[in-house]
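S.K.: Give me the fold of what follows.
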Amino acid sequence: MEEYEIVIGLEVHTELLTESKLFCGCSTKFGSPPNTQVCSVCAGFPGILPVINKKAVELALKAAIAFNCQPAKFSRFARKNYFYPDLPKNYQISQYEEPLASNGYLLIDGRNIRLKRIHMEEDAGKLIHSQEGENGFSLVDLNRSCLPLIEIVTEPDIRSSIEAEKFLTSLKQILEYLEVSDCNMEEGSLRCDANISVRKKGDKTLGVKAEIKNMNSFKSVRKALDYEAKRQISILKKGGTLRQETRLWNESLQITEEMRTKEEAHDYRYFPEPDLVPLTIDNRWIEEISSQIGELPMQRKERFMKEYNLSEYDAGVLTSAKDMADYFEECVNQYAKPKVIANWIMGDLTALLKLSKKGIKNSPVTPENLVQIVSFIEKGTITGNIGKTVLQECFKTGKKPEEIIKEKKLIHIHDEKIINELIQEIIRENPKAIGDYKNGKKQALSYLIGQIMRKTKGQINPGILKKNLLEYLNKL
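M.R.: Sure thing, here's the model as predicted:
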């Protein structure tokens, strides 16, 4: 590995967050029964005429501008011809020689990863395979056919699988912030193909590349690239020859497998789409979309560090998703102790969200509820431990913290008379611990405090308890 350099380029397909498809009015909703969101346009009937979805173009332009690309004043759709069972027209409407935008970049660890182009295209359908010996069969679901996509193509600037993963993570964050896509990889909203080659260090000529497909997570991308790099280097070190090809990532075997030799552009017989007029984009439209972009993840992270005095780690976690950053700021606007709020969000609340597989946007604990819990702890109404119990109950039921505290009688014990009675009771019940304390064993104090906490289920002000207990002990 020390003799060779890895060269990686990525092709990222992202579904745009529109309510209707790219060239027709069919719904884009995920999870509907097969072939229930299909019309003559997306089913590829003869004589149909596509009509471009303006919202899809606007979202594509928003992504292009955010990624520092130059939008084209004039771009054209093309027909990409190939046969596949889930492509009903036997061609895909895409963009080829005249893409929507080009020459962008994304900053990763202080280095620009160049973006060659961003172009629009329609998605294909989906094949569903059933393998039952001789009775195996395949079905076609066209619900996904004609969904609006953008393809983001990088230059071969990435030099490791880790850098590829960082690039994809940053790309996903930005697309989610812009609300261009939900980037749900499980639903196919974000898909990535990777081109990888190797060359001797110092060489300027690119090696023979392989394109890897069928990677359903960023972790899979990293593993597939690592495996493929080792495979290619092994062949070259043995004197073998590499050929340009498309390979599939086998998740169960953790290897890449040959799929087909790589097609070139001429294999697709691109030609301009005759049924769609070219897109013309003027400066006013670009300025209008630019004004909608707002604060991106890196800018928000830097502001959180400066404005809220958070560490780089905390700011990075809180701004990793727009919904979480919005939730945090809603809380801080009501309770001006950012670090306290950050700890509760990143700790107990995130743990509950993960267990329930919910996003923070759908959290039963609203920002107002979380602020109320933290405020009760600060005022001494409840302890920190009780606060966690209230948070869990609030998450489970959606009730307000004050309701839960009253219902479960979780209010903090402040009454010094009650506290002193409890202290006297514990002193009577634990003569050995009292003796240990008198003999200088300071851990006996913690033991006695713990006994009172158990009796009251933590519903006692620890500050008053310790002060009064020490007064009693010092009088003995």
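
S.K.: longest helix anywhere in the chain?
M.R.: For the chain, the helix that runs over the most residues, judged by DSSP state H, is helix 218-237.

S.K.: packing partners for the following helix or strand past that one?
M.R.: Sequence order places strand 245-250 as the next helix or strand after helix 218-237, per DSSP states H and E. Under the contact criterion of 3 or more C-beta pairs under 8 Å, 6 or more residues apart in numbering; DSSP states H and E, strand 245-250 touches strand 210-215, helix 218-237, strand 255-261. No exception for glycine: its C-beta is placed from N, CA and C like everyone else's.

S.K.: can you pull the buried residues of the longest helix of the chain?
M.R.: 218, 220-229, 231-233, 236 (16 or more other C-beta atoms under 10 Å).

S.K.: which other helices and strands contact it?
M.R.: Packed against helix 218-237 by the contact rule (3+ C-beta pairs under 8 Å, 6+ apart) you find strand 4-15, helix 161-178, strand 190-200, strand 210-215, strand 245-250, strand 255-261.

S.K.: For Asp323, find the nearest of those.
M.R.: Evaluated over these, closeness to Asp323 peaks at helix 161-178, with 8.5 Å, by C-beta to C-beta.

S.K.: Just the residues contacting the closest one, thanks.
M.R.: 6, 8, 10, 12, 14, 59, 62-63, 66-67, 106, 108-109, 113, 152, 154, 158, 181-183, 190, 192, 194, 218-219, 221-223, 225-226, 229, 293-297, 320-322 (C-beta atoms under 8 Å, 6 or more residues apart in numbering).

S.K.: hmm, which of the residues you listed are the buried ones?
M.R.: Buried members of the contacts of helix 161-178, counted by 16+ other C-beta under 10 Å: 6, 8, 10, 12, 14, 59, 62-63, 66-67, 106, 108, 113, 152, 154, 158, 181, 183, 190, 192, 194, 218, 221-223, 225-226, 229, 296-297, 321-322.

S.K.: Wasn't Glu378 part of a helix?
M.R.: Yes: counting by DSSP: H, G, I helix; E, B strand; the rest coil, Glu378 is part of a helix.

S.K.: residue contacts, it?
M.R.: Applying C-beta under 8 Å, 6+ apart, no residues contact Glu378.

S.K.: State the pLDDT value of it.
M.R.: For Glu378, the pLDDT comes out at 88.

S.K.: same question, Ile464
M.R.: We have a pLDDT of 73 for Ile464.

S.K.: distance of it from Gly347?
M.R.: In this view, Ile464 and Gly347 are 27 Å apart by C-beta to C-beta, to the nearest Å.

S.K.: who has more neighbours, those two?
M.R.: Ile464 (17 against 12; other C-beta atoms under 10 Å).

S.K.: Skip the chain neighbours and tell me the closest residue to that one.
M.R.: With C-beta to C-beta, 6 or more residues apart in numbering as the criterion, Ile464 has its nearest non-adjacent residue at 5.8 Å, and that residue is Ile419.

S.K.: Give me the below-cutoff pLDDT ranges for the stretch 351-476 of the chain.
M.R.: 409-415, 457-459, 461-462 (pLDDT under 70).

S.K.: neighbours around Lys399, how many?
M.R.: Neighbours of Lys399 using other C-beta under 10 Å come to 15.

S.K.: what's next to stretch 122-140, contact-wise?
M.R.: Stretch 122-140 is contacted by residues 13, 15, 21-23, 34-35, 84-88, 92-94, 141-149 when judged by C-beta under 8 Å, 6+ apart.

S.K.: Drop anything exposed from those residues.
M.R.: Using 16+ other C-beta under 10 Å, the buried members of the contacts of stretch 122-140 are 13, 15, 21-23, 86-88, 92-94, 141-149.

S.K.: how close does Glu151 sit to Gln37?
M.R.: 22 Å.

S.K.: Comparing those two, which shows the higher neighbour count?
M.R.: Gln37 (23 against 20).

S.K.: So which of the contacts of stretch 122-140 sit within strands?
M.R.: Taking DSSP state E as the definition of strands, the contacts of stretch 122-140 contribute 13, 15, 92-94, 141, 148-149.

S.K.: Can you tell me which of those lies closest to Asn439?
M.R.: Distance ranking of the ones in strands among the contacts of stretch 122-140 against Asn439, using C-beta to C-beta, places Glu15 first at 71.6 Å.

S.K.: Determine how far the helix or strand harbouring Tyr327 lies from the middle of the whole chain.
M.R.: For Tyr327, the enclosing helix or strand under DSSP H and E is helix 322-334. Chain-centre distance of helix 322-334: 17 Å, with C-alpha atoms, centre = their mean, to the nearest Å.

S.K.: Could you pull out the buried residues of the following helix or strand past that helix?
M.R.: Following helix 322-334 in sequence order, the next helix or strand is helix 338-344 (DSSP H and E). Within helix 338-344, the residues scored as buried using 16+ other C-beta under 10 Å are 338, 341-342, 344.

S.K.: where does helix 338-344 sit relative to the chain's centre, distance-wise?
M.R.: A distance of 21 Å separates the centroid of the chain from that of helix 338-344, by C-alpha atoms, centre = their mean.

S.K.: now for that helix, which elements pack on it?
M.R.: Here helix 338-344 touches helix 312-318, helix 322-334, helix 367-379, going by 3+ C-beta pairs under 8 Å, 6+ apart.

S.K.: low-scoring stretches of the stretch 101-250 of the chain, by residue?
M.R.: Residues of the stretch 101-250 of the chain that meet the criterion pLDDT under 70 lie in 132-133.

S.K.: okay, now the domains of this structure?
M.R.: Annotated domains of the chain cover 4-287, 297-407, 416-475 [automatic domain parsing].

S.K.: Could you tell me how many residues sit around Val365?
M.R.: 26.

S.K.: My read is that it contacts Thr350, right?
M.R.: No: judged on C-beta atoms under 8 Å, Val365 makes no contact with Thr350 at a distance of 11.2 Å.

S.K.: May I ask you to confirm that the residue nearest to Ile464 belongs to a helix?
M.R.: Yes: using three-state DSSP, the assignment for Ile419 is a helix.

S.K.: Wait, it touches Ile460, no?
M.R.: Yes: if you go by C-beta under 8 Å, Ile419 and Ile460 touch, sitting 6.6 Å apart.
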